[in-house]
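Engineer: here is a sequence together with a model predicted from it:
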Amino acid sequence: EAGVTQSPTHLIKTRGQQATLRCSPISGHTSVYWYQQALGLGLQFLLWYDEGEERNRGNFPPRFSGRQFPNYSSELNVNALELEDSALYLCASSPGDRPYGYTFGSGTRLTVV
Amino acid sequence: DQQVKQNSPSLSVQEGRISILNCDYTNSMFDYFLWYKKYPAEGPTFLISISSIKDKNEDGRFTVFLNKSAKHLSLHIVPSQPGDSAVYFCAASANAGNMLTFGGGTRLMVKP
């Protein structure tokens, strides 16, 4: 069974640009979650999508947005990049009715210069 | 405001001994708790969980203890193995919700 896949693995952007990160969940999983792990910090909840709808978002500004496609894959967009957006962005997926212990991808390392 | 805290950023243990990782929380609405393990360049992997209706859950070498009155949980690894060296995150969920609140992590080093 293929795990959660994220692309790209690494991304370098200039301050003010936009970044797009992609996530493919495990087959059969309808929920996708996005977390940010800044250097030295724990995982901060960003967004939760289920069945194509945004179900919840964390305490992040509106320039962090995303969507979930009909095949349950998801995209995270970060507009007007700031230096402090540099972090590891982790995507996870779970069956919609069984959220606990969800499966993470290996992440996208975003560096803003 | 950190609702889930892991006060020890690192822990070093000798192989074969017990590793005890601690986690404190402040939100009394949390009713489900999980531990994840993370190796470098990989995503966190689920390790073990516990519901607030229990005070202990065991899975092989891993045991999680929950003290609701103290709002404290701990992960015991016995015996510790060098392959257990990783960053361990505790996480909590409220009202059977899907969103997890994570602690800052504890780096465990198991020395041969």
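Structural biologist: Thanks, I have it. Everything numeric in this text was worked out from a predicted model, so none of it was measured.

Engineer: low-confidence regions, chain A specifically.
Structural biologist: Within chain A, the segments meeting pLDDT under 70 span A:1, A:96-101.

Engineer: quick one: contacts for the residue of it found nearest chain B?
Structural biologist: Residue nearest to chain B within chain A: A:Phe104 (3.2 Å; CB to the nearest CB). All C-beta atoms are positioned from the backbone trio N, CA, C, and that covers glycine. By CB atoms under 8 Å, 6 or more residues apart in numbering or on different chains, A:Phe104 lies in contact with A:4, A:90-92, B:36, B:43-45.

Engineer: and with 7 Å instead?
Structural biologist: Contacts for A:Phe104 (CB atoms under 7 Å, 6 or more residues apart in numbering or on different chains) come out as A:4, A:90, A:92, B:43-44.

Engineer: what of A:Val4?
Structural biologist: Counted by CB under 7 Å, 6+ apart, A:Val4 has contacts A:23-26, A:91-93, A:103-105.

Engineer: secondary structure added to these, as a markdown table?
Structural biologist: Output for these, formatted as a markdown table (DSSP: H, G, I helix; E, B strand; the rest coil):
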| residue | secondary structure |
| --- | --- |
| A:Cys23 | strand |
| A:Ser24 | strand |
| A:Pro25 | coil |
| A:Ile26 | coil |
| A:Cys91 | strand |
| A:Ala92 | strand |
| A:Ser93 | strand |
| A:Thr103 | strand |
| A:Phe104 | strand |
| A:Gly105 | coil |
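
Engineer: among those residues, which two are most distant?
Structural biologist: Spatial extent of those (CB to CB) is set by the pair A:Ser24 and A:Phe104 at 12.8 Å.

Engineer: picking that back up, which of the contacts of A:Phe104 sits closest to A:Asn59?
Structural biologist: Nearest to A:Asn59 among the contacts of A:Phe104 is A:Leu90, at 16.9 Å by CB to CB.

Engineer: give me the element the closest residue to B:Lys54 other than its chain neighbours is part of.
Structural biologist: Closest residue in space to B:Lys54, ignoring its immediate chain neighbours: B:Leu66 at 6.7 Å, by CB to CB, 6 or more residues apart in numbering or on different chains. According to DSSP states H and E, B:Leu66 maps onto strand B:62-67.

Engineer: residue of chain B nearest chain A, please.
Structural biologist: Of all residues in chain B, the one sitting closest to chain A is B:Gly43 (3.2 Å; CB to the nearest CB).

Engineer: may I have the beta-bridge partners of the nearest residue to that residue once chain neighbours are set aside?
Structural biologist: Here the nearest residue to B:Gly43 in space, its sequence neighbours aside, is A:Phe104; by CB to CB, 6+ apart that works out to 3.2 Å. As for beta bridges, A:Phe104 partners with A:Ala92 under DSSP bridges.

Engineer: distance of A:Phe104 from B:Tyr25?
Structural biologist: 21 Å (CB to CB, to the nearest Å).

Engineer: same question, B:Val87
Structural biologist: Separation of B:Val87 from B:Tyr25 (CB to CB): 18 Å.

Engineer: neighbour count: these two, which is higher?
Structural biologist: When B:Val87 is set against B:Tyr25 and neighbours are counted by other CB atoms under 10 Å in any protein chain shown, the residue ahead is B:Tyr25, at 23 against 19.
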